[in-house]
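Trainee: Have a look; sequence and predicted model below, questions after that.
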Amino acid sequence: MPQIFNVKNHHLITIDDIYKLEEISDQKFDLVQRILLIDLGNTQQLLDILNNTKTQIRVLSQIEERDIIKRKSCIISSTNDILAYANSKIYSRKMPFDVLEEIRECKKGIGKIILYHQLEIFKKITEIGYVPGKYIFKNYSLFHMDHRICRINEIFPIQTK
């Protein structure tokens, strides 16, 4: 089992947390990796720009049990490279109905749906991490009207050139 280095913060992740992760993992992250770890915006749009490509979401699985939707997805480039994976838990009781219906269709990413519906959200990153030679990751929650509506774990494979 690979070693996992991570930094948890129940307030907000800052650049100091990235420095701490670099120190404990003895790994220096490049600019793109640092941006991916700390970004509070829309991941798919950011990957479009960083990779100079049009991306799309591929929903690998989605299961709805009780009031929780569990989704596994990936963001792929126009050349079918996997740029990111996401594991999401969506709390359907707290999600506006029209947003929830679009999530159930499995055609778009959660972030793009939220942008389209102009849902006011707060994104709180609670953990960042690194698995040597494999990937970096971040865990965060999305809040709407003081309610957690979603938890997301994003995984960014280390690009080998």
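Mentor: Arrived safely, thanks for sending. Numbering: from 1, shown residues only.

Trainee: what does stretch 80-93 contact?
Mentor: For stretch 80-93, contacts defined as CB atoms under 8 Å, 6 or more residues apart in numbering pick out 43, 47, 51, 55, 64, 67-77, 100, 103, 109-110, 147-157. (Glycine included, C-beta is placed from N, CA and C.)

Trainee: Just the ones in strands from the residues you listed, please.
Mentor: Secondary structure defined by DSSP state E assigns 64, 68-76, 147-157 of the contacts of stretch 80-93 to strands.

Trainee: So among those, which ones count as buried?
Mentor: The neighbour-count test (16 or more other CB atoms under 10 Å) marks 69, 71, 73-76, 149-156 as buried among the ones in strands among the contacts of stretch 80-93.

Trainee: nearest to residue 39, of these?
Mentor: residue 154 (9.7 Å; CB to CB).

Trainee: How confident was the prediction at that closest one?
Mentor: pLDDT recorded at residue 154 is 98.

Trainee: How about residue 1?
Mentor: Listed pLDDT for residue 1 reads 54.

Trainee: what does the one 5 residues further on give?
Mentor: Reading off the confidence values, residue 6 has pLDDT 83.

Trainee: Make sure it is indeed in a strand.
Mentor: Yes: under DSSP: H, G, I helix; E, B strand; the rest coil, residue 6 falls within a strand.

Trainee: Mind listing the residues bridging to the closest residue to it other than its chain neighbours?
Mentor: Leaving out its chain neighbours, the residue that sits closest to residue 6 by CB to CB, 6 or more residues apart in numbering is residue 129, at 3.5 Å. In this structure, residue 129 bridges to residue 6, residue 137 when assessed by DSSP bridges.

Trainee: what's residue 129 in contact with, if anything?
Mentor: Neighbouring residues of residue 129 by CB under 8 Å, 6+ apart: 4, 5, 6, 7, 21, 136, 137, 138.
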